[in-house]
Every structure is written in structure tokens, then in C-alpha cells.
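> Provide a 3D model corresponding to the input given below.
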Amino acid sequence: MVQTKLNHENKIPTRSDLNKKLKNVTSAKYNDYFLPIFRFFKDLKNDQKVPVEDIYEVIQKEVSNDTKWKYITRSFMYRPTLAKHLLDRLPPADILVAYSAKKCGYDRNEINKNNLNEIQKECENFANEIKEDHIDYHVERIRKKTESKFSYDISSESRIPYDKFRGFLNKFAEIVAEELPEKLNSMSQARVNIGGKANEIITIKTLISEGLEKGKDFEDVSGDAGEDLHIYVNDKETLHIEIKSLKVRERSGKGVLSIPDPTFLFGYFDDPQELRGNTEILLKGCEGVYVPPTTLQKIKEIDERKDESIYKTEKNGNLFYRTNNIFAADMKNYVENGELLDIDLGHELEYIKE
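Numbers count the residues shown, from 1 in each chain. Okay, the predicted model is just below:
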């Protein structure tokens, strides 16, 4: 007899299952929130995406949408892969990271120096996918709204009279101008905020994987005068870390100048030319800059074409541009020995996947 493998994606968890991960799931919370949410997702096709309003509707309890969203995201925390069904709203940063790690084949607690860039890239891809879906969803919604204002059924005709088509386009443009900018601005702002926080979470988990303890060896101080992390070396010295996403931008260079020394800039920068153009100001404000290994290699390649040596830049006897894979090991060595690791040119090659 052939046994069918259970699809755990569709399995509705029991209250006991949820309490193993989420804690404090009472019988009332399970029946009012979690059970209808998981039943809803169980009935979706694997690649089906839905607006968050559809998920709100399955929760019958009369509460605010904010409360409903809280339980939806808690459900995602139990099963991160459910986030793939979101059409028009980004999940919180911790869910974004958990989902992206799972898609890359890792648990959220397995993020380390070897996979941080892979998982960060998946976070970027997923967030961009939702942003595009969000635009398509609202454009289609506005199209249907525009059609509802006409007695003439445009979608059912192969040839449309010019006056009808012109009237449709004018009304469509009017509604787009009224409704779409706010939707796009809201999503773009969420994209920046959630993406930035996701980058911080990945970086922190990498520090923890290297054996550093949050609260003892480092602290999350994001939003505090441009800083994101403090690394505690001893009672007298603190390393100040600024975490960036894909772009350095001039404000990053100027920002590090206002942060107390010693300052390090950590990022997932994808533009070697931008880094090269900001090297002078970064040297003034940073002890070192951590970049993805592929970006570091591109800096070297541009150097070779232009007969320059930015790739080899040093400060205080240390390589200035360092692969972000060794950031956690660098910080651990600094905490224990008061200095960065002694690394060689080409150290990034170890972390470049074919």
C-alpha cells in the first residue's frame, strides 16, 4: 500500500502545537483567531495570493483590523511559509526574515556568516515581489471600479467606440490620480522600514551565531542618532555600528562622521562604484566597511581596469573594505582581544558561491 506523505503546509496545528512555539494560546484565542486563519490558508492553492482584507473576513470576532493582523502575523511566526500568500501587505521584519530563511533551506536560528547574504537577497526579492503584486492588485481594482461607473461593458467587447473608450480612460486616470499615490507611498515606506529592520535582524543573528550575547556583548540601539548596534569591548570602549541596505548614499558617509569613534559601517551594498566614490569620506568616519564578497570582488576588478588600489585601502594597519561574512568574527575578536582579525587580500573568495 502506497502511503501519501502528509503536507505539513496544509496541516492545521492543534492548540498544543501552537503553544510549543507561540506560548499563551488560550482556548478562546485558538478558536476565535488561529483556527479560522489556518483553515483559510489550508484551502488556498500553493501559489495563490490574497489581499489581507480576505484574511480579516474569516475572523468573526468583532475586533479591529490591527488585532486581526496581530494574530495573522503570529500564525506566520508558527509557519513562516504562509507569508507567501500575501498580496498587498508586507509581513513584519521578523516574519520576512523567517520566511526568507526557510525558502533558502534554513531555520531562522541557522543564520550565520555563510548564508547571511543569501537570506538577505531573498528578503529583497520577496519584498519586491509583494510590492509589484500590490501595484497590480490596485490597478486591477481601479479598473473594475472604473468599469462599474459605466453601463457599457468594456471588457466584453472586441471593438470599443472611441467616445466610450476615451471616457473610460479619463475616469480611470482620475481614480488612479486620487487613490494610487497614497497606496504606493505607503507600500514604499513600509518597504524601506521593514527591509531595514530585516537587515538588522539578519546581522544580529549572525553575531549570535558567532557566540556573542545580546545584552552582554552587544545591544540593538537602532534609531539612536543613526546608530544600529553597540559592541561592548570593555567598560571604556564601545564600537558603534551603522547597518545599511543596498546603497551607501552620501548621507551614510556624512552620518558616520557624527557617530562616536570607533565606527564601523556594515551593509549589503550592491554598487561597487558608489562605494569607491565615497571612500574618502568613509575613511574619515569609519574604521572599516563591511560589504558582500561579490561587491568586494567587483571593487578589485574595477581597480585592475583603472590601475587603482581602492580594494587594498588600509586604515590603522587593517584592510578597510572587508567582506561582511567576517563581521561577526571580527567583532568577537575585538571583544576578546581589542582588535580586528588579521586578514589577507582575497579573504572574500571563501564566501563567493559558484
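
> shaky segments in this protein?
Along the chain, segments meeting pLDDT under 70 span 1-9, 151-160, 223-226, 246, 248-262, 354.

> which residue ranges form the strands in it?
218-224, 227-232, 238-244, 263-267, 288-291, 314-315, 318-319, 321-323 (DSSP state E).

> now the fourth one, how far from the chain's geometric center?
It stands for strand 263-267. Centroid displacement of strand 263-267 relative to its chain, using Cα atoms, centre = their mean, to the nearest Å, is 18 Å.

> just want the angle from that strand to strand 238-244.
Orientation of strand 263-267 against strand 238-244 (axes from the mean of the first three to the mean of the last three Cα atoms, to 10 degrees) gives an angle of 30 degrees.

> strand partners of strand 263-267, parallel vs antiparallel please.
With DSSP bridges as the test, strand 263-267 is paired with strand 238-244 (parallel), strand 288-291 (parallel).

> nearest to residue 199, out of the strands of the chain?
Nearest to residue 199, of all the strands of the chain, is strand 238-244, at 5.7 Å by Cβ to Cβ. Quick note: C-beta positions are derived from backbone N, CA and C, even for glycine.

> do you know how far the residue most central in space within the chain is from residue 86?
For the chain, residue 195 is the residue whose C-alpha lies nearest the centre (Cα atoms, centre = their mean; 3.6 Å). The spacing between residue 195 and residue 86, counted by Cβ to Cβ, to the nearest Å, is 15 Å.

> do residue 40 as well
Distance, residue 40 to residue 86, by Cβ to Cβ: 13 Å.

> so which of the two has more stuff around it?
Higher neighbour count among residue 40 and residue 86: residue 86, with 23 against 19, using other Cβ atoms under 10 Å.

> count of residues packed around the nearest residue to the more buried one once chain neighbours are set aside?
Among residues not flanking residue 86 along the chain, residue 130 sits closest, at 6.0 Å (Cβ to Cβ, 6 or more residues apart in numbering). Neighbourhood size, residue 130 [other Cβ under 10 Å]: 25.

> surely residue 130 and residue 84 touch.
No: applying Cβ atoms under 8 Å, one finds residue 130 not in contact with residue 84, separated by 9.5 Å.

> next, the buried residues of stretch 196-212.
Buried residues in stretch 196-212, counting neighbours by 16 or more other Cβ atoms under 10 Å, are found at 196-210, 212.

> and of those, the nearest to residue 320?
Comparing the buried residues of stretch 196-212 against residue 320 with Cβ to Cβ picks out residue 203 as the nearest, at 19.2 Å.

> identify the residues contacting that closest one.
Residues counted as contacts of residue 203 (Cβ atoms under 8 Å, 6 or more residues apart in numbering) are 116, 228-229, 243, 266, 327.

> drop anything exposed from these.
By 16+ other Cβ under 10 Å, the contacts of residue 203 give 116, 228-229, 243, 266, 327 as buried.

> closest one to residue 66 out of those residues, please.
Closest to residue 66 out of these is residue 228 (26.9 Å), distances taken as Cβ to Cβ.

> looks like the closest one contacts residue 263 (just checking).
No: using Cβ under 8 Å, residue 228 is not in contact with residue 263, being 11.0 Å away.

> so what sits against both of the two?
241-242.

> that older thread, export the strands paired with strand 263-267 to CSV and tack on distance to residue 63?
CSV is the format used below for the strands paired with strand 263-267 (distance: least, Cβ to Cβ, whole Å):
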stretch, distance to residue 63
strand 238-244, 35
strand 288-291, 44
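
> just name the most buried of the ones you listed.
strand 288-291 (a mean of 27; mean count of other Cβ atoms under 10 Å).

> out of the strands of the chain, which gets nearest to residue 58?
Here strand 218-224 is closest among the strands of the chain (Cβ to Cβ), at 34.4 Å.

> other SSEs contacting the closest one?
helix 162-209, strand 227-232 (3 or more Cβ pairs under 8 Å, 6 or more residues apart in numbering; DSSP states H and E).

> so for residue 270, which of those sits nearest?
helix 162-209 (12.6 Å).

> quick one: that closest one to strand 263-267, angle?
Using the same axes, to 10 degrees: helix 162-209 against strand 263-267 is 130 degrees.
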